[in-house]
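Trainee: sequence and predicted structure, then a few things I'm wondering about:
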Amino acid sequence: MRMLKSWRVRMALFLAVVGPGFITASVDNDAGGIATYSVAGAQFGYTLLWTMIPITVALVIIQEMSSRMGAVTGKGLSDLIREEFGLRATFLLMIALFVTNFFNVVSEFAGVASSFELFGVSKYIVVPLAAFIVWAIVVHGTYSTVEKVFLSASLFYVAYIVSGVLAHPDWKAAALSTLTRPESIGFRNYGYLSMIIGLAGTTIAPWMQFYLQASIVEKGVTARQYAASRLDVIVGCLFAAIVAWFIVVACAATLHSIGKFNIETGADAAQALRPLAGEYAYLLFAVGLFNASLFAASILPISTAYAVCEGLGLESGLDKRFEEAPAFYWLYTALIVFGAGVVLIPRFPLFRVMVLSQVANGVLLPFVLIFVLLLINDRELMGDHVNSRAFNVIAWVTVVVMIVLTVLMVLTQR
Amino acid sequence: MSVVALSELLGATVRDVSGTVRGRVREIAIAPQDHPTRIAFLIVKTPSGERVLPPEAITSAGASVRAANDAAQWDRFAPSDGLLLLKRDLLDQQIIDIHGRKVVRVNDVELESTPVNSHLLINVVAVDVGARGAVRRLSKGLVPSFTLRALLARIPPRVIPWEFVDLLETDPARRVKLKIAYKGLSQLHPADIADIVEDLAPAERESVFETLDEDVAAEALEEIDPDIQVSIVESLDRDRAADIVEEMDPDAAADLLGDMTEKQSDEILQEMEPEERQEVTQLLEFGERTAAGRMTTEFIAVADTATVDDAIEALKTFEGSREALATIYLTGPAQKLVGAVPLVKIAVSSPTARLSELSEPYIACAPDTPQNEVAALFDKYNLITLAVVDEHGRMSGIITADDVITMLRHKD
């Protein structure tokens, strides 16, 4: 009995910790991410696969810092920025975050719309329905049920792995170009370079830092249970990277090999896959796109509402009622209603908005990452959990490279 | 007498007696050992380092500060642990709003300056947690001051008087030096304390539970979400944790210890008084989702030969929870349960009446009864308490209605 109990406690501890890191990394493969990976595969075949390993490392390093900060301080990122850098800096950052994330929400609903247009369903039906589902799941669920829904949604990403397999890629070539950079194409090629920048840029978005840290706090993870959370972050990032790898491989094996390079979105990719990889691959790709967009659309508004309210000292939290935290629920509702509403405007330039959302992310990211690095090295805040010197070198290099790549991405956007 | 905001004073230019600008206000310090609300001094940033300017040497304080003496007389500032620095320790930080019973973030601090003889007395009077303080700070230096004043006058104030503010300080040594106690918080209802504590960061929760009175801490802890309960108790040192757990209802204590690892719960049990330890250990043996897991062992039982007077005597010496008082149980030979008398009947009967005459048929269940059957019994018989009896018909404990409500609300 006692044995059983302690085993159960341990299991519960493990399950209690797996979650936020996994969810955050999965949502990273949102509509914009899928589009970028598809285009990368279609245009450059297997030759960009080598970027997956460094990108995953960068993702792990940055996500690990956010979750460590959440576990040690028990406070959200915007809380900490407010306490250490004052109201004015926080206010400006929150406005920027709100605007940026609004564009992101729009691009997710655009993803929802385009995935269902593949099945011939009008966006005027799908988008309002999706918006309502998103709103209801979060407002009417408690954190634990919401998280269960999200965790199960993460598993839908397996769809991409399956459609990657159905595309019958050349496994050996794919594996080889993952481990070493093929010499056949050089950095002087402008398209190749800007694709690398695009891949790195879609991988780390500002909202992720806020969302991950807030979920770690909401879950009550403490410094002592932190080892399990770090595992969660690493496993999550690996899973996300594997999914991304399969998307690139699927498009490389089919679209690239017959010379069909000119696709722009995930829906284009799904459409183009149909005659090449068969009905199932097409179906899975489209369903995957829908799930990814809906998933990200559920997380972005809530994470934004949390961050803004925390930073500005307004009541927040899903465990509060509407009357207790009006600003929180209004921000949340407004992001969904207007985010979905914009997509419904006839002849709205959806693709431009997707690009714009990437630009906004890129502009905001440097500020967020620098705040993260300053905070995590504050010994008064983090105690012994500050970055070690070696980690700091890697983290600063990663952050600087990410910033340079993202700024380049913003500058090279059409 | 005039009110000045901390954000107006910070950065204000400081002129000495000759009218020359000597520096700017960088911080404002209170020395809580000397006076809980009075400003001890301003810290002025001058070209020759940080200087101290006490209110006794200030003739006016507002958008600019005027000193009554020469800058050469201002002492050099020496940092000390015993100082509460308003910008560093209060502005943008979280505090407990005792009146509103929640955790809020400070947007600004209101100070009141009173001219006394030829100098000023400056006191902290309130913290601003509303839009007014936020707008003042955001527009400082961007909007002309008269426009700003007109604008601010239109925003309804949301301030918390200083006496209803409890500061959060996680460093115990500093807490003592700054004389920070959770005085206001400990006066609140335990359920409100629990809500506030749930909103805090782990280190802050720990500091609250290190400082609160043991019985207040125990009552508040019972109301807190089980996961947070465990993390709080884990963070406290063993003695302190045991002291608090002892004061908890045995059933709540058993639930809490049952959620911890065996090693941790054993360590706490070892530090507890033998009597309480035994009660809790017994409860721990039962499954959490059975009648025995939900029951408390603190109840009132008297011999069936006793009178109303005896029952009142037993009520007076009873130390368990108030909910358990609703029913007085009667035991016959060999401690067997034979009857139950509702508290109401005791109140309306003569002191010499025999309890056995007032007794009503009792409802009881076995220790291993599943908790949903327990809830069904409460529903069917409209119970306030339910006796739990062992295989020999002896009472092991009782379940009270509040436990059932908690159980039904957390059914998963």
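Mentor: Everything's here; your move. None of the values given here were measured: they were computed from a predicted structure.

Trainee: list the contacts of A:Leu344.
Mentor: A:Lys123, A:Tyr124, A:Val127, A:Pro128 (CB atoms under 8 Å, 6 or more residues apart in numbering or on different chains). From N, CA and C alone the C-beta is placed, and that goes for glycine too.

Trainee: now B:Asp304: closest residue in space that isn't a chain neighbour?
Mentor: The shortest distance from B:Asp304 to any non-neighbouring residue, by CB to CB, 6 or more residues apart in numbering or on different chains, is to B:Leu330 (4.1 Å).

Trainee: kindly indicate whether that neighbour is helix, strand or coil.
Mentor: Put simply, B:Leu330 is strand when judged by DSSP: H, G, I helix; E, B strand; the rest coil.

Trainee: quick one: it and B:Met407, what's the gap?
Mentor: Per CB to CB, to the nearest Å, B:Leu330 is found 27 Å from B:Met407.

Trainee: neighbour-wise, which of those two wins?
Mentor: Neighbour comparison, B:Leu330 and B:Met407: the larger count goes to B:Leu330, with 22 against 19 (by other CB atoms under 10 Å in any protein chain shown).

Trainee: hmm, who's touching the helix or strand containing A:Met382?
Mentor: Using DSSP states H and E, A:Met382 sits in helix A:379-382. Helix A:379-382 has contacts (CB under 8 Å, 6+ apart) with A:Arg68, A:Met69, A:Val72, A:Thr73, A:Leu80, A:Glu84, A:Leu375, A:Ile376, A:Val386.

Trainee: quick check, nearest of the residues you listed to B:Ser118?
Mentor: A:Glu84 (39.9 Å; CB to CB).

Trainee: distance of B:Gly23 from chain A?
Mentor: B:Gly23 sits 21 Å away from chain A, going by CB to the nearest CB, to the nearest Å.

Trainee: do B:Glu223 as well
Mentor: Distance from B:Glu223 to chain A, by CB to the nearest CB: 14 Å.

Trainee: and for that residue, the neighbour number?
Mentor: Using other CB under 10 Å: B:Glu223 sits among 18 other residues.

Trainee: who in chain B is up against chain A?
Mentor: B:91-93, B:102, B:104-107, B:129, B:134, B:137-138, B:200-204, B:227-228, B:231, B:234-235, B:258-262 (CB under 8 Å from any CB of the partner chain).

Trainee: list the contacts for residue 75?
Mentor: I'll assume chain A. A:Glu83, A:Val217, B:Ala201.

Trainee: that was the other one, I meant chain B.
Mentor: Counted by CB under 8 Å, 6+ apart, B:Asp75 has contacts B:Arg51, B:Val52.

Trainee: state the pLDDT value of it.
Mentor: Looking at B:Asp75, its pLDDT stands at 91.

Trainee: now swap in the one 3 residues further on and tell me
Mentor: Predicted confidence (pLDDT) at B:Ala78: the value is 89.

Trainee: what number of residues lie near it?
Mentor: 8.

Trainee: can you list the weak-confidence ranges in the chain?
Mentor: Using chain A. Along chain A, segments meeting pLDDT under 70 span A:1-18, A:141-144, A:147, A:184-188, A:413-414.

Trainee: try chain B instead
Mentor: Checking chain B against pLDDT under 70 turns up B:1, B:411-412.

Trainee: rerun that using 80 as the cut-off
Mentor: B:1, B:118, B:145, B:172, B:282, B:285-288, B:410-412 (pLDDT under 80).

Trainee: distance check, B:Lys140 against A:Gly41.
Mentor: For B:Lys140 relative to A:Gly41 (CB to CB), the value is 52 Å.

Trainee: to clarify, my last question referred to B:Lys336.
Mentor: Taking CB to CB, one finds B:Lys336 at 79 Å from A:Gly41.

Trainee: the more surrounded of the two?
Mentor: A:Gly41 (31 against 14).

Trainee: can you map out the helices along the stretch 151-300 of chain A?
Mentor: A:158-166, A:171-179, A:190-203, A:206-219, A:226-254, A:266-277, A:279-312 (DSSP state H, counting those that start in this stretch).

Trainee: got those helices as TSV, with mean neighbour count and distance to chain B columns?
Mentor: Output for those, formatted as TSV (neighbours: other CB atoms under 10 Å in any protein chain shown; distance: least, CB to the nearest CB, whole Å):
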stretch	mean neighbour count	distance to chain B
helix A:158-166	21	27
helix A:171-179	15	41
helix A:190-203	20	30
helix A:206-219	25	8
helix A:226-254	23	12
helix A:266-277	22	37
helix A:279-312	25	7
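
Trainee: quick one: neighbours of B:Glu360, just the number.
Mentor: When neighbours are defined as other CB under 10 Å, B:Glu360 has 11 of them.

Trainee: my error: substitute A:Gly74 in the last question.
Mentor: A:Gly74 - counted by other CB under 10 Å - has 22 other residues nearby.

Trainee: and the gap between it and chain B?
Mentor: 3 Å.

Trainee: not counting its neighbours along the chain, what's nearest that residue?
Mentor: Take A:Gly74 and drop its neighbours on the chain: the residue closest to it by CB to CB, 6+ apart is B:Ala201, 3.3 Å away.

Trainee: cool, and A:Gln63?
Mentor: A:Val233 is the one closest to A:Gln63 (CB to CB, 6+ apart), at 4.8 Å.

Trainee: I'd say the one you found and A:Ser67 touch.
Mentor: Yes - taking contacts as CB atoms under 8 Å, A:Val233 lies within contact range of A:Ser67: 5.3 Å.

Trainee: list residues touching both of those two?
Mentor: Common neighbours of A:Val233 and A:Ser67 (CB under 8 Å, 6+ apart) are A:Gly21, A:Leu212.

Trainee: so which residues on the stretch 301-414 of chain A come close to chain B?
Mentor: A:Leu312, A:Gly313, A:Glu315.

Trainee: okay if I get those residues as JSON lines plus distance to A:Gln213?
Mentor: Listed next are these as JSON lines, based on distance: CB to CB, whole Å:
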{"residue": "A:Leu312", "distance to A:Gln213": "17"}
{"residue": "A:Gly313", "distance to A:Gln213": "17"}
{"residue": "A:Glu315", "distance to A:Gln213": "19"}
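
Trainee: strands of the stretch 1-150 of chain B, start to end?
Mentor: B:2-5, B:13-15, B:21-30, B:39-46, B:49-53, B:58-61, B:64-67, B:75-76, B:84-85, B:94-97, B:102-105, B:108-116, B:119-128 (DSSP state E, counting those that start in this stretch).

Trainee: okay, these in a markdown table with distance to A:Ala269 next?
Mentor: As requested, the strands of the stretch 1-150 of chain B are exported to a markdown table (distance: least, CB to CB, whole Å):
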| stretch | distance to A:Ala269 |
| --- | --- |
| strand B:2-5 | 57 |
| strand B:13-15 | 63 |
| strand B:21-30 | 58 |
| strand B:39-46 | 60 |
| strand B:49-53 | 62 |
| strand B:58-61 | 66 |
| strand B:64-67 | 65 |
| strand B:75-76 | 69 |
| strand B:84-85 | 58 |
| strand B:94-97 | 47 |
| strand B:102-105 | 46 |
| strand B:108-116 | 53 |
| strand B:119-128 | 54 |
